[in-house]
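Chemist: need coordinates for the below:
(chains A, B, C and D, ligands or ions: 4)
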Amino acid sequence: MPVISYREALNQAMREEMDRDPSVFIMGEEVGHYNGAYKVTQGLLQRFSERRVVDTPIAEMGFAGIGVGAAMVGLRPIIEFMTFNFSLVAIDQIINNAAKIFQMSGGQYHVPIVFRGPSGPAVQVSSQHSQSFESFYAHVPGLKVVMPSTAADAKGLLKSAIRDDNPVVFMEGETLYNTTWEVPEGGPDDNLIPIGVADIKREGKDITLIAWSKMVWTCLDAAKKLAEEGIECEVVDPRTLRPLDVNTLAESVRKTGRCVIVEVGWPVAGFGAEVAYQMQKLCMDSLDAPIERVCSDDVPMPYAKNLEDEVQPQVKDVVAAVKRALYLE
Amino acid sequence: MPVISYREALNQAMREEMDRDPSVFIMGEEVGHYNGAYKVTQGLLQRFSERRVVDTPIAEMGFAGIGVGAAMVGLRPIIEFMTFNFSLVAIDQIINNAAKIFQMSGGQYHVPIVFRGPSGPAVQVSSQHSQSFESFYAHVPGLKVVMPSTAADAKGLLKSAIRDDNPVVFMEGETLYNTTWEVPEGGPDDNLIPIGVADIKREGKDITLIAWSKMVWTCLDAAKKLAEEGIECEVVDPRTLRPLDVNTLAESVRKTGRCVIVEVGWPVAGFGAEVAYQMQKLCMDSLDAPIERVCSDDVPMPYAKNLEDEVQPQVKDVVAAVKRALYLE
Amino acid sequence: MSTPDTKRIEADQDSPADTTVAELAPLYRQMLAIRRMEEASAKAYSQGKIGGFLHLIIGQEAVCVGAIAALQEKDYVVATYREHGHAYAKGVAARPILAELYGKKTGLVKGLGGSMHLFDKKTNFLGGYGIVGGHVPIAAGAAFASKYRGDGAATLCFFGEGASTIGGFAEGLALAALWKLPVVLICENNQYSMGTPMYRSLAVEDVSLRALAHGMARDRFDGDDVIKVKRRIAEAVERARTTGEPTLVEVVTYRFRGHSMSDPGLYRTKDEVEEWKRRDPLNRSRQRLLDLGMPEADLDALETDVKAEIEDAVKFAEDSPPADEYFPYVIKE
Amino acid sequence: MSTPDTKRIEADQDSPADTTVAELAPLYRQMLAIRRMEEASAKAYSQGKIGGFLHLIIGQEAVCVGAIAALQEKDYVVATYREHGHAYAKGVAARPILAELYGKKTGLVKGLGGSMHLFDKKTNFLGGYGIVGGHVPIAAGAAFASKYRGDGAATLCFFGEGASTIGGFAEGLALAALWKLPVVLICENNQYSMGTPMYRSLAVEDVSLRALAHGMARDRFDGDDVIKVKRRIAEAVERARTTGEPTLVEVVTYRFRGHSMSDPGLYRTKDEVEEWKRRDPLNRSRQRLLDLGMPEADLDALETDVKAEIEDAVKFAEDSPPADEYFPYVIKE
Ligand SMILES: Cc1ncc(C[n+]2csc(CCOP(=O)(O)OP(=O)(O)O)c2C)c(N)n1
Ligand SMILES: Cc1ncc(C[n+]2csc(CCOP(=O)(O)OP(=O)(O)O)c2C)c(N)n1
Ligand SMILES: [Mg+2]
Ligand SMILES: [Mg+2]
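Modeler: Ligands and ions are numbered 1, 2, ... in the order given. Modelled structure (predicted):
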């Protein structure tokens, strides 16, 4: 299987879907002539022209809303946020319009739209540019929320998101674009990954690590380390936060009896809290220890590299949490 | 002790603090000449003039940001959102500016501001006007989030919020304004309630009900009903969601061994999930049953009264959850 | 504040636009039906049969009726929470509108949206929205789609003067101007934003000045004469259809009732309201029809007919079964 | 698009504003120090000693230096992420600025903010902000406070032409105009928003047209001559101080480097960049000082002095201890 980058996988997904369906177009800041701030839309303008690859001024609320309106009357917009930090100025369009129009119209209008872009901290871009808002979008009925961790998931899930008849918030890992993974080849209709299905990224019997996006990689590294000490971690990646595949998660937790949730964002009312609620509810009898959570520190992200590293969840933090959950400390 | 309405309590708190401190002013839509869309600012314009009671055009992002700027240079703004549903168009100012300026400036500038207004569903105002976003604001370090359930808490906590040197998101129950409670008399500096301290609204030994804002009333009604069947519920009201008084909550749960969390908003990644995470973490050994959650249905709010009632958590739903937690069904 | 660029409202009380009975009568009928429908809703609201917020358009009927009369069926309309009249003018029947206000299963949106959220796909009525300004980008989006497909449709977007200060409007306006989207942005300036008179919410008295910032076409006139509204909006629609260019149009009008049923409207003097009631667009059109030679008897017949239509709609709403499902309308399977 | 109202940029290459060595020399020194500071940051960035986003203002120095020269100490300045020069011009020393970029404990904001978030309470520098347009209401808020207190201070708010399409700017502008807040909104039009040239982001070439929508005072000119910038901004500051009225000012300028260090700037032709480098505001001021009779030797001395100042600041940053705490700066106790 060809090994490609997360960036290239997303690019292929959009290219294939735009080839397949003329109603799909992409709109956002610098997506065209600049080939994307993170080069995810590389080459799309050349291939599809300015009609379908639309560079926008800085007006997130405006172009997010334009996407919603266009979707209502039959187009399939992909709205790129340069980063999801900037989605806060457009969040009203996503929550009050995109998520509710199917309901408000009594099922007459649906909104097939994808809001995508990088999410989570990059490197030293400070507090206004280092945020993870997945818990905001996952909170809202009417939306789907997808957060792929690998190139293969990114491609298969973005294609499904573009074909979905509902608004999908598709959050990419800002630090994952250069990561590579085996991505199966095939025709435009092959290898789609259904939204709402979790994936076991590593099997293990001693403890379940639940993580998404970048934190899956952190958990896999921690699992390797712990394996050296004879501790077998199962790493489960929900891939989709809404709808959440609670059964796959719960099955693993019932099997291992222990659970550590790892997320890159702030702890309080983060999505990890929801996962914790579900797991204690579904697995209480099998739990041999309280569910542990590893998150960023509860602070705005500092600029200095040494502080930024301190704030973010590291492999060592996951290892420590696993040992607490196993009462090894 | 005089019994006054929640609305009057908020009005007194603002009047007293504006009398005490000339740097306090209130700004928002219809707060002055109209005396407030919900009449919470009744009489303030008359007493303090247009200089300190500022009617605004419809521009939440603009006047929320003006409040932040004014707070940076020494004023103490109270920004009223006609309802917190409209805070979504201003949320970038709250999260990216108000919550971060103290950190971004390395502690040089702080932002003593209160964002207040009604939150949660009213009656038949449909999906765009019936939302509860406390989990959004509680997620963000740099903010404090207060949600009083009674007139006494409303007055004591709003006075504390206005005096706080940090941005405080003060969410009032849209359906609580006419509720009454005993509110202690005293001077302008008396009876302040510290932010971050939970309150036990009813004592009981069999099970702990955790709820805030309007749901405290629902829980008290459910507790009465259950008492008739000999089930003694302890109703704990955190009053402040950030910072959360986990110890008081955990103490109660350890005592009763059972916990039901009741919230008016959507279930997924709601603040109840955070409470559940904390309780299972701190009380796992004392828990005799999984933590239950009672929330709104996971849907945008419908307009029709019968459907709206179905969607929202009712006393009967709390009663049923309590019985599930007690294995009585 | 009035500026050198302020477009004066020409006082044209006595110079009505040229028209015929054939053109005006149906528009008068629509305005009257909307008036009666609004009155019926107000009555039902006071009887507790309609809940939530109820925003009536009584006094402003000539704006939505005249403007939408300039459209073809394929054209789109996007409106606010004050949109019963716009839906009716676009072709939605009184029955599903009133049933919706009653929260019935037979309502236009199955009792899920209520007064503020009427939507009708058959007539390309893209909906009523409750977040001020948030619907302007949506209208620009429908226009974007028309340009993308080259379907020659135009989109009308209605909003109040109070919306002209919010970012959603500003961004929708800027993008429509930059991309030359076939949309007509119609500011229904009823001079109040809830209890706030224009002079406390806008730095200038002329909302259409916003167009100058973008080199966009603009127009501004009073909304008393439904035919005049139709003519002037038709120019903008034509511009959208042929050149694909947007227009910002301000129509000065007045709401006779409070902002919503819960607003007593104490911030306006009786005289002011009376003065505007003297300019009632319905009386004006009725008189014009008589002047044009429409027999009194025909007018009476028309009015009886309207009365029957609305009474039937009320009965339909009253007799319809309550709304009964919402889960199927969260996610499209 | 150019409209009838477009303010032409008068080509004044040969008609410099009247000034003296005493006035110009210190401004030239500031511009030079900023240029050297930016060059030093670029070098440190390429050495990996500075991380994150680094937005340089090289080529635009005359705007922040000239504008802030029109201020008093009590006046406030609010800027974007491209604000090293603005902080320096307001009186912040090169040492804490560079130490901040290095992420050191001795940095202006203790290593917590970095390049995009410089703040300095001593000089009333209200900060550098990273969300485009989000800082405009904050500037209006500082001006609101000045009006509330009657302290006679003015606030300058800097932003790029790319910010003129976003809601935060539109709402700040509307409220400043309505409430007559003593703020001067300065659009540093460097003709690009990242890789986007003006004609793809704005419907009109004249950003100051935005003022017409609010009956607000406006001005528009090129930013080559630091003295001219000072004079024209002084007029607006005077207006703010005396009448309390806001002004929207557009200054046309150019950035010689990419949007940030990670942008190669391939979207511009070499010729275009060269053309603008020929208009370098620093060379222009240096020549003007010579014409005004400043001895070459004094200029050399000034330049050596600046070189030393920046070298010292770099050394200070290099030798300072790393940032070491962040918890105390989340909530003020
Ligand atoms: C963003 C937002 N802020 C506030 C409100 C509350 N609100 C509803 S209608 C209204 C007044 C709107 O006035 P205008 O735009 O003139 O329209 P009109 O009601 O006069 O038709 C306000 C403030 C809202 N719905 N959305
Ligand atoms: C709301 C928002 N959207 C997008 C961005 C990403 N971004 C940062 S700077 C920039 C370009 C700004 O251009 P301009 O306003 O002209 O200022 P300049 O950088 O040219 O000084 C963009 C798109 C952002 N920071 N905030
Ligand atoms: Mg109005
Ligand atoms: Mg620029």
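
Chemist: now the stretch 101-250 of chain A against ligand 3: closest residue?
Modeler: A:Met104 (22.3 Å; C-beta to the ion). To be clear about C-beta, it is placed using only N, CA and C from the backbone, and glycine gets the same treatment.

Chemist: and that residue, how far from chain C?
Modeler: 4 Å (C-beta to the nearest C-beta, to the nearest Å).

Chemist: pLDDT (mean, whole number) over stretch C:183-190?
Modeler: Averaging pLDDT along stretch C:183-190 yields 98.

Chemist: pretty sure the residue of the stretch 101-250 of chain A closest to ligand 3 is touching C:Gly114, no?
Modeler: No. The pair A:Met104 / C:Gly114 is not scored as a contact, 9.2 Å apart, by C-beta atoms under 8 Å.

Chemist: mind checking the SS state of the closest residue to C:Ile34 other than its chain neighbours?
Modeler: Distances taken as C-beta to C-beta, 6 or more residues apart in numbering or on different chains put C:Gly85 closest to C:Ile34, at 4.2 Å, once the chain neighbours are dropped. In three-state terms, and counting by DSSP: H, G, I helix; E, B strand; the rest coil, C:Gly85 is helix.

Chemist: and the one 3 residues further on, by the same measure?
Modeler: Under the three-state scheme (three-state DSSP), the conformation of C:Tyr88 reads as helix.

Chemist: name the helix or strand for the closest residue to ligand 1 within the stretch 1-150 of chain A, please.
Modeler: Nearest residue of the stretch 1-150 of chain A to ligand 1: A:Asp92, at 7.7 Å (C-beta to the nearest ligand atom). In the assignment (DSSP states H and E), A:Asp92 maps to helix A:91-92.

Chemist: what's that helix in contact with?
Modeler: Residues from elsewhere that reach helix A:91-92, judged by C-beta atoms under 8 Å, 6 or more residues apart in numbering or on different chains: A:Met61, A:Phe136, B:Leu88, B:Val89, B:Ile91, C:Ile131, C:Gly134, C:Gly168.

Chemist: what do you get if the cut-off is 6 Å, keeping everything else the same?
Modeler: With contact meaning C-beta atoms under 6 Å, 6 or more residues apart in numbering or on different chains, helix A:91-92 is reached by B:Leu88, B:Val89, C:Gly134.

Chemist: could you see whether ligand 2 lies near that helix?
Modeler: No. Using C-beta under 6 Å from any ligand atom, helix A:91-92 stays clear of ligand 2, with a minimum separation of 11.7 Å.

Chemist: looking at that helix now, give me its mean pLDDT.
Modeler: 98.

Chemist: the closest residue to chain D within the stretch 101-250 of chain A and ligand 2, how far apart?
Modeler: For the stretch 101-250 of chain A, the residue closest to chain D is A:Gln124, as judged by C-beta to the nearest C-beta, at 3.5 Å. Using C-beta to the nearest ligand atom, to the nearest Å, one obtains 15 Å as the distance from A:Gln124 to ligand 2.

Chemist: wait, isn't that residue in contact with D:Gly51?
Modeler: Yes. Using C-beta atoms under 6 Å, A:Gln124 is in contact with D:Gly51, at 3.6 Å.

Chemist: for the residue of the stretch 1-150 of chain C found nearest ligand 4, what are its contacts?
Modeler: Closest contact between the stretch 1-150 of chain C and ligand 4, by C-beta to the ion, is at C:Pro137 (23.1 Å). Shown in contact with C:Pro137 (C-beta under 6 Å, 6+ apart): A:Gly62, A:Gly65, A:Ile66, C:Gly172.

Chemist: at 10 Å what do you get?
Modeler: A:59, A:61-69, A:90, A:93, A:97, C:78, C:144, C:157, C:167-169, C:171-173, C:175-176 (C-beta atoms under 10 Å, 6 or more residues apart in numbering or on different chains).
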